[in-house]
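Asks: I need the structure of the sequence given here:
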Amino acid sequence: MIPNERHLLELLSNNDVTFFIPPYQRNYEWEKEQCEVFLNDIIRITQNNREERKAEHFFGTVTYFQTETAFGQPNKLVLIDGQQRITTTMLFLVALRDVIADKELKQYIESKYLRNDNVSDDSEYKIKLKQVETDWKVYCDIILGNRLEEKAKNSAIYSNYMYFINAIKKLQENADFTLTDVIGSGLSKFSVVTIELQPERNSWENPQEVFESMNSLGKPLTLADLVRNYLLLGIEPEGQEFLYKNYWLHMEESIPHQVSGFIRDYMQLKEKKSFKQATERNYKELYSNFKELFRGYNAKELLKTLSEYSDYYAYILLYKTSGSREIDKRLGDIRTLDVTTAYSFLMSLIKSWKMNEMTEKMLCDILDVFIIYITRRRIIGVVQAENKNFPTLVKKVPQLVKAQDKKREMFSILSSMENHLRVPNDIEMERELSVMNFYGLKLCKFILSLIEECITKSRPDKNDEKLQIEHIMPRKLNETWERELGEDYENIHQSLLNTIGNLTLIRHNQELGNKSFAEKKNIYENKAGLQIAKTEIINYNHWNRETIEKRSKWIINYLLQQVLPIPNDMRKTNNFVMKMNGLSFLELQLIGQTIDYASDHSIHAKVVSDREVEFEGKKWHLSPLTREIETRKGTVNASGSYKGAQYWEYDGIKLIDII
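Replies: Take a look at the predicted model:
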């Protein structure tokens, strides 16, 4: 390890070297704020030196190792640390070159700092800083003065170049020093400590270890940065470029800004268990998990696999089409439902489809069941345990592949999980839908669109600006509506305003507000453009408690029977596996409900806690209460022992059959 103190411009003026930013490094990420600090430091040092107050600025370390190059080419210095600062300096010098009017000074900056004059051909070594692949084209075009593609203007390279262009122009107009001074008295006084690694001579100067150590402070490396480094750094430079261009770059282009999340989800797929989310707080822990999980794997084969699965991830994120319109549509619905915890499972399903282990129709059947399951859970507000358990569904993919009836098998898998992961039955759904603030549900428009699609076979475009959720009974009542609702209008308005029966979708560009029901009916029938705005609305002459409740019953029944159907034998039963012994009213979601004695429906009890019911003003466990009733009837059995769940029922189904 050879450290040296040097001036920054002296380092950049050497025509015998080209700095090379290898593919395992992160992309250029400095933002305007860092560029402002850099520029202010240049201005401060320039002013101090112009006023004969000698000043210099330490600009950090630049760590590199040297690799062999062809005869006649500049030495190739591979940067381990300092790429962000060096790249920003080069962008500043390019901007300075492009603003300065003096042709000789332009040429001086060009030949001294930006390009290698002793390279005769058009090789990459003509430009003194070789960028990573995703930034190289933009950087190269800016250096060479080429016309930029429109998409290139989204890069940090271009944004910061333009920031420096504008800042230098203002400096030229307002500063009491020249742009020549900016170089001679400012930037030339920036010093760095260069550290040359010699890994071939000293094994402890391992570039990978130094890279991780150098990046342990400051802005943390993402999981993607760490994994890219891990997979590429130990390989010869030529091999690095090949793997980067053919596999890693493909991932970055397929799922831009999502690579860290993808790697975590692929780890979950591989291990069939959950890992922590890919966040700044968890990157290092996940990186450690990654190394443990893939220790001994061939880097090329692993990158090839990751590249392949990144396409599947892109289908899920809707960045690419899967090649099937029907599958894309369902993946879009899952994205709308925000089920990021299931991405590992979805990738595994897509892989099986791509391997021809199942047909398009089979995959659609599985996804349909999953959408029904998630939508039902979102309506009743249940999300617990999904992050821990959905990744484990990967284990069930072979079972799904083998199953003849994919829908039934998927329902069976989902209903075999514990209470928090249950498939909500119709009883639970009806109870929630009849009273909930459906308008406040994030998925309100989506679910109403599903109903419209089920009625007409055509789903409204969710991006249509004219598509609105309409309160039939308006949010603000006028005298006409008060008369429409009757004497109890305040209670009706308060209790039913946001219920599902009072909501519809319309496609109309006017605010209907508190127009009368007769006026709204006319618009719904002739101008709304949607069947859901007509069905069970325009057939009524008045809109009041009775009609709102009638429409609620219709739309809830239609939603559960046609839009979000589950197998008939699951509609009123417990759709999960008990994790505790004995009867649990909490598990059955029956707290607050009334249960009936099976042999005498005149006998009722109210469920008041997980294990207790209230009967005749007293709390009972179900088995002792059953014995009491049988004793009163004179039919008590010889043992006096009863399993209460066999003798009581809810909604016509014995509790023993629900368990």
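Asks: correct me, but E630 touches N637?
Replies: Yes - applying Cβ atoms under 8 Å as the test, E630 and N637 come out as touching, 7.2 Å apart. C-beta here means a position set from N, CA and C on the backbone, and glycine is covered the same way.
Asks: and these two? Which one has more around it.
Replies: A side-by-side neighbour count of E630 and N637, using other Cβ atoms under 10 Å, places E630 first with 17 against 9.
Asks: hang on, that one is in a helix, isn't it?
Replies: Yes - under DSSP: H, G, I helix; E, B strand; the rest coil, E630 falls within a helix.
Asks: so, low pLDDT: which residues of this protein?
Replies: Scanning the chain for pLDDT under 70 picks out the ranges 1-2, 23-26, 68-74, 117-134, 198-220, 509-511, 578-583, 587, 638-640, 657-659.
Asks: how about the strands in it?
Replies: Using DSSP state E, the strands assigned to the chain run over residues 2-7, 17-20, 57-67, 75-81, 129-130, 190-197, 467-471, 503-507, 594-597, 600-607, 612-615, 618-621, 648-650, 653-654.
Asks: got CSV for those, with distance to D333 and mean neighbour count too?
Replies: Below are these laid out as CSV (distance: least, Cβ to Cβ, whole Å; neighbours: other Cβ atoms under 10 Å):
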stretch, distance to D333, mean neighbour count
strand 2-7, 58, 12
strand 17-20, 46, 23
strand 57-67, 49, 18
strand 75-81, 45, 21
strand 129-130, 45, 22
strand 190-197, 52, 19
strand 467-471, 16, 18
strand 503-507, 17, 23
strand 594-597, 37, 18
strand 600-607, 36, 15
strand 612-615, 41, 19
strand 618-621, 44, 14
strand 648-650, 33, 21
strand 653-654, 32, 15
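Asks: can you pull up the most central residue in this structure?
Replies: Centroid-nearest residue in the chain: T340, 5.9 Å away (criterion: Cα atoms, centre = their mean).
Asks: show the contacting residues for I595.
Replies: By Cβ atoms under 8 Å, 6 or more residues apart in numbering, the residues touching I595 are 604-607, 613, 648-650, 655.
Asks: before we move on, back to that, closest to Q399 out of the strands of the chain?
Replies: Of all these, strand 653-654 sits nearest to Q399, with 28.7 Å by Cβ to Cβ.
Asks: what are the boundaries of the helices in the stretch 151-300 of the chain?
Replies: With helices called from DSSP state H, counting those that start in this stretch, the stretch 151-300 of the chain shows them at 156-174, 179-181, 207-214, 223-232, 237-243, 249-254, 259-271, 283-293, 299-316.
Asks: convert the C-alpha atoms of the longest one to PDB, please.
Replies: Just to be clear, that refers to helix 156-174. Only the C-alpha atoms of helix 156-174 are listed here, as PDB (Å, rounded to 0.1, in the frame of the first residue of the first chain):
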ATOM      1  CA  ALA A 156     -27.300  12.400 -12.400                       C
ATOM      2  CA  ILE A 157     -24.300  12.900 -14.700                       C
ATOM      3  CA  TYR A 158     -26.300  15.200 -17.000                       C
ATOM      4  CA  SER A 159     -28.100  17.000 -14.100                       C
ATOM      5  CA  ASN A 160     -24.900  17.900 -12.300                       C
ATOM      6  CA  TYR A 161     -23.200  18.900 -15.600                       C
ATOM      7  CA  MET A 162     -26.100  21.300 -16.200                       C
ATOM      8  CA  TYR A 163     -25.900  22.600 -12.600                       C
ATOM      9  CA  PHE A 164     -22.200  23.400 -13.100                       C
ATOM     10  CA  ILE A 165     -22.900  25.100 -16.500                       C
ATOM     11  CA  ASN A 166     -25.500  27.400 -14.900                       C
ATOM     12  CA  ALA A 167     -23.500  28.100 -11.800                       C
ATOM     13  CA  ILE A 168     -20.300  28.900 -13.800                       C
ATOM     14  CA  LYS A 169     -22.300  31.300 -16.000                       C
ATOM     15  CA  LYS A 170     -23.500  33.200 -12.900                       C
ATOM     16  CA  LEU A 171     -20.000  33.100 -11.400                       C
ATOM     17  CA  GLN A 172     -18.700  34.600 -14.700                       C
ATOM     18  CA  GLU A 173     -21.200  37.500 -14.400                       C
ATOM     19  CA  ASN A 174     -20.900  38.300 -10.700                       C
END
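Asks: in it, which residues are buried?
Replies: 156-158, 160-161, 163-165, 167-168, 171 (16 or more other Cβ atoms under 10 Å).
Asks: and the contacts of it?
Replies: 27-32, 35, 39, 43, 87-88, 91-92, 94-96, 98-99, 131, 135, 138-139, 142, 148, 152-153, 179, 182.
Asks: out of the residues you listed, list just those in helices.
Replies: Applying DSSP state H to the contacts of helix 156-174, the entries found in helices are 32, 35, 39, 43, 87-88, 91-92, 94-96, 98-99, 135, 138-139, 142, 179.
Asks: among those, name the buried ones.
Replies: Of the ones in helices among the contacts of helix 156-174, these count as buried by 16+ other Cβ under 10 Å: 35, 39, 43, 87-88, 91-92, 94-96, 99, 135, 138-139, 142, 179.
Asks: what is the nearest of these to D311?
Replies: D135 (23.0 Å).
Asks: and the closest one, how far from Q83?
Replies: 10 Å (Cβ to Cβ, to the nearest Å).
Asks: find residues that contact each of these two.
Replies: By Cβ under 8 Å, 6+ apart, the residues touching both D135 and Q83 are Y28.
Asks: could I get the helices of the stretch 151-300 of the chain as TSV with distance to S13?
Replies: Shown next, in TSV, are those (distance: least, Cβ to Cβ, whole Å):
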stretch	distance to S13
helix 156-174	20
helix 179-181	16
helix 207-214	25
helix 223-232	30
helix 237-243	24
helix 249-254	32
helix 259-271	36
helix 283-293	37
helix 299-316	37
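Asks: right, and N116 touches L12 too?
Replies: No - counting by Cβ under 8 Å, N116 stays clear of L12, with 11.0 Å between them.
Asks: now for the closest residue to the residue nearest to the centre of the chain other than its chain neighbours, how many residues are close by?
Replies: Nearest residue to T340 in three dimensions, chain neighbours excluded: G261, at 8.0 Å (Cβ to Cβ, 6 or more residues apart in numbering). G261: 20 surrounding residues under other Cβ under 10 Å.
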